[in-house]
Structure formats: C-alpha cells, structure tokens
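S.K.: Take this sequence and fold it.
(chains A and B, ligands or ions: 2)
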Amino acid sequence: MENVLQQQQPEKIKPPVTHIGLVGWAKANLFNGWFNSVLTVVTLLLLYKTVPPLIRWAFINAVWKSAGTGCREATGACWSVISANYRFIFFGFYPYDQQWRPLVAMLLLFGLLFYSRNRHHWNKYLGYGWIAGLFVMGFLMKGGFLGLTSVESTKWGGLPLTLLLSVFGLTAAYPLGVLLALGRQSEMRGIKVLCIVYIELIRGVPLISLLFMGSIIFPLFLPEGVTINKILRAQIAIILFTAAYIAEVVRGGLQGVPRGQYEAAESLGLNIYLTMRLIVLPQALKIVIPPTVSILISAFKDTSLVVIIALFDLLKTTQTVLSNPKWLGFSREAYIFIALLYFLGCFSMANYSRKLEKELATDN
Amino acid sequence: MDENRVQEAQSEASDEAMIEIVDMHKWFGEFHVLQGINLTVHKKERIVICGPSGSGKSTLIRCINRLEEHQRGRIIVDGIELLNNLKNIEKVRMEVGMVFQHFNLFPHLTIIDNLALGPIWVRKVPKKEAEETAMYYLDKVHIAEQAHKFPGQLSGGQQQRVAIARSLCMSPKVMLFDEPTSALDPEMIKEVLDVMIELAVEGMTMIVVTHEMGFAKSVAHRVLFMDFGQIVESNTPGDFFDHPQHERTKLFLSQILN
Ligand SMILES: Nc1ncnc2c1ncn2[C@@H]1O[C@H](COP(=O)(O)OP(=O)(O)OP(=O)(O)O)[C@@H](O)[C@H]1O
Ligand SMILES: [Mg+2]
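M.R.: Numbering: from 1, shown residues only, chains lettered A, B, ... in the order given. Ligands and ions are numbered 1, 2, ... in the order given. Sure thing, here's the model as predicted:
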C-alpha cells in the first residue's frame, strides 16, 4: 500500500523561475511599463544630484575635531560642534566632575531595558529589579549621602532628563490609559462620565498648554511654602496627556474583542475583574500594539516641548551650545546629531513592537 | 451512532429536579422573547430543544446560566435560585457548563491553558493539578496531542471538542449546548456528536439546542419544540417524531426532515 502511494507521488515541481539575476529583477521591478521606467530614471537622476554632495559634506570635507577657526574655513560639516560640546549636550548643567553619575544611571537604565526586551524574563524578580534600579538611579542623580554630593534637580539636564521624562512618562501613562479605557466602558455611570470628561478635556488641549498650566498656573493654587519640583510637574503633565490618548486606542481594542469571549469567560464562572484581566485585556492590548506604539513614539518626541518651561532637556542643551557665539551657525550639524539620537529611540520602539507582535501571534 | 449504548443509559434519569423553571418571562425591550416557560429538568436527564430560528431557544438556555437575565418567574438550578445576587450567579455558573455555536475558545491561550484557566482561577485548584485534569479531559475528547497548540491552529471540530472539554474541567452538573455543530463542516459534525454521546452515556445532565434529529432520536429522553417564545410540545423522541401533536410541530418537522 505504502509503496504504491510513494510511486504515485508526482515529482517535486519547483516554482517557475520568473526573473534571473539583477537584470531580471530590474526589468520586473523598475522598468515594467513606460511610466515606471521614467520614474526610475528621474529618481536615479535625483539621487545622483543629491547623494554625492551630501557624502562630500558629511564625511569627506567634514571637520571632526578642530574648534573655531578650522571649522569656519572648512567646506564640509563641522562635527566638532558635537565633539567639543558633547558633555554639555548630554548632561547640561550637571556638575562637570560628577557627570559619571548620570552616565552610570543611564547605563543602568539601558541595561534594564535591554534585559526586559525578552518576554521570558518578565517575572516578579524583574519587577523588583526595576524598583531597585529606579532607587539606585534616583540616588545617583540626586546624591546627598553615602559620600555623593547632593545635586539639585534644577541642574539635571540633557539626555538623562529626556530619558527620565519619557521612560517614566510612558510607563506610567500606559497603565493609567488602560484604566481610563476600562472606566469608559464601565457600567457604573459615575466612573464612566468621569473618564469621558477627563479624556475629552485632555484631548481638547495641546500638551504645551498643559505644561504651562503645570509650571505657571498650578503653583498659584498651592499653599505658601509648598513647592513641587518643576520636573515632576512636567512629568505629570506628560503622563496625564499621553494617558488620554492611550485610553482611546485601548478602547478601540476592547471593542475588537468579540462578545463571545466575555460570555465564555462568564460561563466558566470568572467574575468581571478576572474576565477583564485574563481574557479581554490580553487580547485587546495585543490588537492595539501598533497604534499604542505610535502614541508612545510621539510622546517620546513631545518630551522636547519641555523647553518652553525652561527645562534643559537634550534639545535645549543643544540649542544652548548653538547660542554660544563660537558655535553660531553650526545648527545643521547639531540638529542632525540630535535627530539621530531621537531616531534611535523611536526606531528601537517601532522595532520592538514588531517583534512583540510577531511573538504574540497565535494563529498558524 | 452507538444507539445501543445510549439506550442502556436511557433509563437513568432520576426524579430529583436539577433545573426548575417556573412561569419565566423575558423581554428584549418591548419584544416578548420568552412567554411563560415552565420546565423541569431531572438529574441525568437529556433534553433536546428544537424550533424555528428566532423562537427563543438560545435565549432560554442562556437564561439558565444568567448570560441573559429573566424578568419574571423563577429559575432554580441545583437548589440555587437565580436572583440579582452576584454570589449566587457565580455559584450557578460553576455548576453549569456551556458550549457555544462558535466555540468561543480564548485565542491568546494554548489549549491546555484554555482548559486549566477556570479550575485555577474559579475553583482555586493548584496549577499542576488543574493541568492534569485538563489533560484527562483532552484525552477524553481525543485531542490530547494538541494540548500545546493555540485554538487558531485547530479545525472547527477539534475546537468544539476542546470547548466541551473546557466546560468539563469545571466538573459541571449540567451541560448546555447551543447548536454545537451548526457552525461545523459536515465531516466534523460526527466527531463532536460522538463526544456528546459519550458524555450522555456517563450520565451527564444535558440540554442541547440542535437540529441534528438523529442525535435527538438516539440520545434524548425528551424533545421540546419551541415557537414564538413558548414550549409548544414536549415528548419522548419516539412520540415526538412519529406522532407530533401540534400543527406547528408537524410543519416544522416536515421542513427539517426534508
Ligand atoms: N440581545 C438581544 N437584544 C434584542 N433582541 C434579541 C437579543 N438576542 C436575541 N434577540 C431576539 O430574540 C429572539 C430570539 O432569539 P434567540 O437567539 O433566542 O433565537 P433562537 O431560537 O436561538 O434562534 P436561532 O435558531 O436563529 O439561533 C430573536 O428574534 C432575536 O432577534
Ligand atoms: Mg440560537
């Protein structure tokens, strides 16, 4: 029986070869039809006109180390605006001889983030690790005991500040947004109305006005003598703002979970809290990974708006360098550098979300 | 079908009531879906409900585990009356298993996690024990080798058998089936019905909404015909199919058997 079957099996047929090598590929993809051919030629021309000069400017004629005059005479980019000022750009007014402290704090943060990439590492010990890590980072930044001199938070700036605002902002905004979304779906009218009002109010104003309110109007309501740290106020504004947007995205995900899932969970005897936590939220949050990450990415970039309340984040420290007469006119180089840093942050978030989506896919 | 095996079990139904429904009414807004349902289901009894689309079959069995709320009359399950009392409702739901037309497995969990979830979180069984129970029931529905796949990777018939096993893991006293085979391709219907027949042989109390008349004839103690929110006729399968009493039943049977 088996033999017969094997004999009858047809020869394995390979898919037909449609294009061979580079020429074939180009023919199929770049020159199929007159319109695409014209488009290809025009694009090639544009690339020829722009790319070589750009490379000449950015690399071949660039000045990497020289300060001042050497830079002014060069025909290429003056990267020394970065190399001469990187410590200020990265750390702002943090005392010069203490800047190893924010550096170590950032490395610790990166280490934790990197380790947390892997979903299999998510357990309660990692949670403890994060809590301990946060304390160590805070202590490193602030100092004040164990022989570390105290550094006021008004002196914090640069990359650590940007990371502080965004990492905390995003990690706090996400659960808050989920709670708001659940509240908006709730059958308890009071909670529902409260959540709707909150979400719509916050979405109705720009982040800048929230930051202003936090830094200028809010202190007017505090009793005399009580002050709340400026960074904290900006942080709260960012959290409140981002949470409202996340809430709406998550609500969309909740609506994407079919009624039958609730019914199956209820008929097993799960109460509403367990139904949400074990059945509905895991599915809803998975559906909305792409839009959620979009929000997180834009929130990350929006942290640069804190310049308007005079916090020295990465963008502001760079601008401060540029306002020094010695470096006047090299803004192109500086902004390209900052853009690269932001791009790295955004790109890794986008990348990670794609990885997560793939890992969580359960059909086929 | 194993008609003989089932016939042997036929006499098992006892006199003790498992479910009592007394003059129960339900409205969807203005629409009077269920109009005075009276039904007593005995322990180990197997009931098949049929009737035209929209007659309220699903609504009736969904009232029994409070997926729908009735507005008048009483429903008592295993001595617990369904009132607006969350504790009562949860207790009843633990006793009553439900199998849906569209399976409703949890797509983000593996098969074994689908099964172990209820026992772990509702019955507070230790994880290891819950997984052993899960494997036992998966084996019973002939699907143990799929334990670590996700629902999306299984065929419809396999998914429905998993759904049955998921309910069984909660050791329910009653199983409700709402058209369990009507979303399945014909070649998968038998594998699901076979599992249900095995359950019947073991003496499970069952209420099955289905149009599988072969199943009704061989497994049911009683067949109910519903129309316009009422139980029009209730009889043993023999009499129900051979000597239907009401015109509407006759009409329905002539339509469904052709
Ligand atoms: N949530 C609801 N809101 C309003 N009307 C509903 C709701 N659920 C069901 N109905 C209506 O109640 C009636 C009975 O519905 P039910 O699902 O119980 O019928 P059924 O006998 O199960 O029909 P089918 O064989 O099509 O499943 C139908 O007319 C249906 O439109
Ligand atoms: Mg129905």
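
S.K.: can you give me the helices in the stretch 251-364 of chain A?
M.R.: Ranges of helices in the stretch 251-364 of chain A, per DSSP state H, counting those that start in this stretch, are A:259-267, A:272-274, A:281-287, A:289-302, A:314-322, A:331-360.

S.K.: hmm, I was thinking of the stretch 101-250 of chain A
M.R.: A:124-142, A:158-185, A:189-203, A:207-212, A:218-221, A:230-255.

S.K.: With chain B instead?
M.R.: Per DSSP state H, chain B carries helices over the ranges B:3-9, B:57-64, B:86-95, B:111-121, B:127-140, B:156-168, B:186-201, B:213-219, B:237-242, B:247-256.

S.K.: right, so those: which one is the most enclosed?
M.R.: Stretch with highest mean neighbour count among those: helix B:156-168 (a mean of 25; mean count of other Cβ atoms under 10 Å in any protein chain shown). C-betas here are computed from N, CA, C, even on glycine.

S.K.: so where's the chain shaky on pLDDT?
M.R.: Answering for chain A, as no chain was given. A:1-11, A:15-20, A:67-69, A:363-364 (pLDDT under 70).

S.K.: wrong one, I was asking about chain B
M.R.: Chain B contains residues with pLDDT under 70 at B:1-13.

S.K.: tell me which parts of it are close to chain A?
M.R.: Contact residues (Cβ under 8 Å from any Cβ of the partner chain) of chain B with chain A: B:65, B:67, B:86, B:90, B:93-94, B:96-98, B:100, B:102, B:104-108, B:117-118, B:121-122, B:150-153, B:163, B:166-167, B:170.

S.K.: Repeat the analysis, applying 6 Å as the threshold.
M.R.: B:65, B:67, B:90, B:93-94, B:98, B:102, B:104, B:106-108, B:118, B:121-122, B:150, B:152 (Cβ under 6 Å from any Cβ of the partner chain).

S.K.: Smallest gap between chain A and ligand 1, at which residue?
M.R.: Distances between chain A and ligand 1 by Cβ to the nearest ligand atom are smallest at residue A:259, namely 9.3 Å.

S.K.: Give me the neighbour count for the nearest residue to residue A:106 once chain neighbours are set aside.
M.R.: Closest residue in space to residue A:106, ignoring its immediate chain neighbours: residue A:160 at 5.8 Å, by Cβ to Cβ, 6 or more residues apart in numbering or on different chains. For residue A:160, the count of nearby residues is 25 (other Cβ atoms under 10 Å in any protein chain shown).

S.K.: Likewise for residue B:231?
M.R.: Residue neighbour count, defined by other Cβ under 10 Å, stands at 21 for residue B:231.

S.K.: With residue A:206 instead?
M.R.: Neighbours of residue A:206 using other Cβ under 10 Å come to 11.

S.K.: Same check on residue A:166?
M.R.: Neighbour tally, residue A:166, other Cβ under 10 Å: 24.

S.K.: from what I can see it touches residue A:298, true?
M.R.: No - the pair residue A:166 / residue A:298 is not scored as a contact, 10.9 Å apart, by Cβ atoms under 6 Å.

S.K.: circling back: looking at the helices of chain B, which is nearest to residue A:273?
M.R.: With Cβ to Cβ, the closest approach to residue A:273 among these belongs to helix B:111-121: 10.3 Å.

S.K.: for the closest one, packing partners?
M.R.: Judged by 3 or more Cβ pairs under 6 Å, 6 or more residues apart in numbering or on different chains; DSSP states H and E, the packing partners of helix B:111-121 are helix B:127-140, helix B:156-168.

S.K.: So which bits of chain B are right by ligand 1?
M.R.: Contact residues (Cβ under 6 Å from any ligand atom) of chain B with ligand 1: B:28, B:31, B:33, B:51, B:53-59.

S.K.: Buried ones from those, can you make that a PyMOL selection?
M.R.: Typed into PyMOL, the line below selects the buried ones among the residues of chain B next to ligand 1, using 16 or more other Cβ atoms under 10 Å in any protein chain shown:
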select buried, chain B and resi 33+51+55+56+57+58+59
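
S.K.: roughly how far apart are the residue nearest to residue A:106 and chain B?
M.R.: Per Cβ to the nearest Cβ, to the nearest Å, residue A:160 is found 37 Å from chain B.

S.K.: Pretty sure residue A:102 is one of the things that residue touches, is it not?
M.R.: Yes - between residue A:160 and residue A:102 a contact is recorded at 4.2 Å, counting by Cβ under 6 Å.

S.K.: Which residue, other than its chain neighbours, is closest to residue A:303?
M.R.: Computed as Cβ to Cβ, 6+ apart, the closest residue to residue A:303 that is not its neighbour in sequence is residue A:165, at 4.3 Å.

S.K.: Give me the most central residue, chain A.
M.R.: residue A:297 (3.9 Å; Cα atoms, centre = their mean).

S.K.: Find the residue closest to that one in space, skipping its chain neighbours.
M.R.: residue A:346 (4.9 Å).

S.K.: What is the burial count for the one you found?
M.R.: Around residue A:346 there are 16 residues (other Cβ under 10 Å).

S.K.: try residue B:126
M.R.: 10.

S.K.: How about residues contacting stretch B:57-76?
M.R.: Contacts with stretch B:57-76, where a contact means Cβ atoms under 6 Å, 6 or more residues apart in numbering or on different chains, come from A:263, A:267, B:20-27, B:33-34, B:49, B:51, B:82, B:89, B:93, B:96, B:98, B:176, B:178, B:207, B:209, B:226.

S.K.: of the residues you listed, buried ones?
M.R.: So, by 16+ other Cβ under 10 Å, the buried ones in the contacts of stretch B:57-76 are A:263, A:267, B:20-21, B:24, B:26, B:33-34, B:49, B:51, B:82, B:89, B:93, B:96, B:98, B:176, B:178, B:207, B:209, B:226.

S.K.: quick revisit: which one of the residues of chain B next to chain A sits closest to residue A:199?
M.R.: residue B:108 (26.4 Å).

S.K.: List the residues that contact that closest one.
M.R.: With Cβ under 6 Å, 6+ apart, residue B:108 has these contacts: A:282-283, A:362.

S.K.: Out of these, grab the one that's most surrounded.
M.R.: residue A:283 (21 neighbours).

S.K.: My read is that that residue contacts residue A:257, right?
M.R.: Yes - Residue A:283 lies in contact with residue A:257 (Cβ under 6 Å); the separation is 5.0 Å.

S.K.: how far away is residue B:214 from residue B:181?
M.R.: 11 Å (Cβ to Cβ, to the nearest Å).

S.K.: what sits in contact with each of the two?
M.R.: Counting by Cβ under 6 Å, 6+ apart, residue B:214 and residue B:181 have no common neighbour.

S.K.: Which residue ranges make up the domains of chain A?
M.R.: A:96-151, A:152-362 (automatic domain parsing).

S.K.: Distance from the first one to the middle of the chain?
M.R.: On the basis of Cα atoms, centre = their mean, to the nearest Å, domain A:96-151 is displaced by 19 Å from the centre of the chain it belongs to.

S.K.: and it, how far apart are its ends?
M.R.: Start and end residues of domain A:96-151 are separated by 11 Å (Cα to Cα, to the nearest Å).

S.K.: again, but for the last one
M.R.: Between the opening and closing residues of domain A:152-362 we find a distance of 49 Å, counting by Cα to Cα.

S.K.: which residues are in contact with stretch A:125-141?
M.R.: So stretch A:125-141 is contacted by A:101, A:104-105, A:108, A:112 (Cβ under 6 Å, 6+ apart).

S.K.: Check the gap between the nearest residue to residue B:125 once chain neighbours are set aside and residue A:13 for me.
M.R.: Closest residue to residue B:125 apart from its sequence neighbours, by Cβ to Cβ, 6+ apart: residue B:119 at 4.2 Å. With distances taken as Cβ to Cβ, residue B:119 is found 50 Å from residue A:13.
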